[in-house]
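Chemist: Give me the fold of what follows.
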Amino acid sequence: MKANHALAVEYCARLLRFNTTWCGTINDHGQVIAHVRRDAVAEFQTFLSAESGPAITGPSLAALALSRAVPAGSPTGGNTGDKERVLTLLKLAGAVPTLDSAQNRAAADLLAYDGEVYPQDGCAITLSVLLRDAGIDMPLIYQAIELGQHLHNVRKWEVIPVGQQVPGDVGSTCGTEAHHGFDHIYLVLKRLNDDEMLIADNQSTQPQFRFASGQGKTPTKFFLRAT
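Modeler: Below you'll find the model as predicted:
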């Protein structure tokens with residue numbers, strides 16, 4: 001192992017794909033943040049992808065470990081599989097390192113897609129990346145209205161009225177037609193009351209507060225929930 005660096009890194013990466021209980025450091029966010037260097041993580045990520053390339057093309061190490069934390073035998077698609085992945089989704093979106101990783105990759109995807117500079121128009125692609133990191137099988141989607149339609153029509157997420165939202169729900173300000181500059185989509189991390197929430201989206205590098213009623217922002221029209 002000491003003589004073959006590539007073998008050592010790939011061996012560890014393969015173990016982490018199956019189980020993380022053996023590695024105290026990866027299970028302690030404090031140790032990860034304190035001891036893991038960005039260049040080391042970037043190198044590690046190249047071993048976690050089917051194709052070698054820049055680290056930004058693949059999910060973070062923590063994201064890969066969390067997305068494989070669903071009990072063996074659980075479905076990986078459809079309503080039941082999505083619901084079981086919501087806890088992983090909340091962990092990824094609620095932690096600054098994994099949210100930052102998702103936003104960085106979303107920014108690269110958005111720039112390559114239409115030349116848009118993140119975070120402008122980056123809410124849908126950010127949430128798409130987070131959903132994929134959590135193990136939910138879906139394409140990269142760049143419009144908020146299209147992402148909501150995909151979750152409802154394809155993934156069969158249920159529409160939830162404003163005021164009944166819970167952590168893991170996806171909030172949307174979209175109507176029946178796209179309205180650029182007003183359409184937005186985000187993930188609810190914590191419900192404080194019927195109106196105020198802690199959410200994750202493209203507009204902040206860390207979880208932030210948002211009101212369903214808007215209060216200076218576009219009001220939320222409905223929520224979507226994996227059921």
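Chemist: Just checking: what are the partner strands of the strand ranked longest in the chain?
Modeler: Across the chain, the longest stretch assigned as strand under DSSP state E is strand 185-191. In the sheet, strand 185-191 lines up against strand 170-172 (antiparallel), strand 196-200 (antiparallel) (DSSP bridges).
Chemist: Format those as JSON lines; extra columns: distance to residue 215, mean pLDDT and mean neighbour count.
Modeler: Any C-beta I mention is one placed from the backbone N, CA and C, and that applies to glycine too. Shown next, in JSON lines, are those (distance: least, C-beta to C-beta, whole Å; pLDDT from 0 to 100; neighbours: other C-beta atoms under 10 Å):
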{"stretch": "strand 170-172", "distance to residue 215": "14", "mean pLDDT": "98", "mean neighbour count": "25"}
{"stretch": "strand 196-200", "distance to residue 215": "9", "mean pLDDT": "97", "mean neighbour count": "22"}
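Chemist: The ones you listed: which one's closest to residue 93?
Modeler: strand 196-200 (3.8 Å; C-beta to C-beta).
Chemist: Send me stretch 107-126 as PDB with only the CA atoms.
Modeler: Extracted in PDB, the C-alpha atoms of stretch 107-126 (Å, rounded to 0.1, in the frame of the first residue of the first chain):
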ATOM      1  CA  ALA A 107     -22.200  26.000 -11.300                       C
ATOM      2  CA  ALA A 108     -20.000  24.100 -13.700                       C
ATOM      3  CA  ASP A 109     -23.000  22.400 -15.200                       C
ATOM      4  CA  LEU A 110     -25.000  25.600 -15.600                       C
ATOM      5  CA  LEU A 111     -22.100  27.400 -17.200                       C
ATOM      6  CA  ALA A 112     -21.600  24.500 -19.700                       C
ATOM      7  CA  TYR A 113     -25.300  24.300 -20.400                       C
ATOM      8  CA  ASP A 114     -26.100  27.900 -21.400                       C
ATOM      9  CA  GLY A 115     -23.200  30.100 -20.200                       C
ATOM     10  CA  GLU A 116     -25.100  31.400 -17.200                       C
ATOM     11  CA  VAL A 117     -23.000  32.500 -14.300                       C
ATOM     12  CA  TYR A 118     -24.000  30.900 -11.000                       C
ATOM     13  CA  PRO A 119     -25.900  31.500  -8.800                       C
ATOM     14  CA  GLN A 120     -28.200  33.300 -11.300                       C
ATOM     15  CA  ASP A 121     -30.900  30.800 -12.400                       C
ATOM     16  CA  GLY A 122     -29.100  28.000 -10.500                       C
ATOM     17  CA  CYS A 123     -31.900  26.800  -8.100                       C
ATOM     18  CA  ALA A 124     -33.100  23.900 -10.200                       C
ATOM     19  CA  ILE A 125     -29.700  22.500 -11.200                       C
ATOM     20  CA  THR A 126     -28.500  22.800  -7.500                       C
END
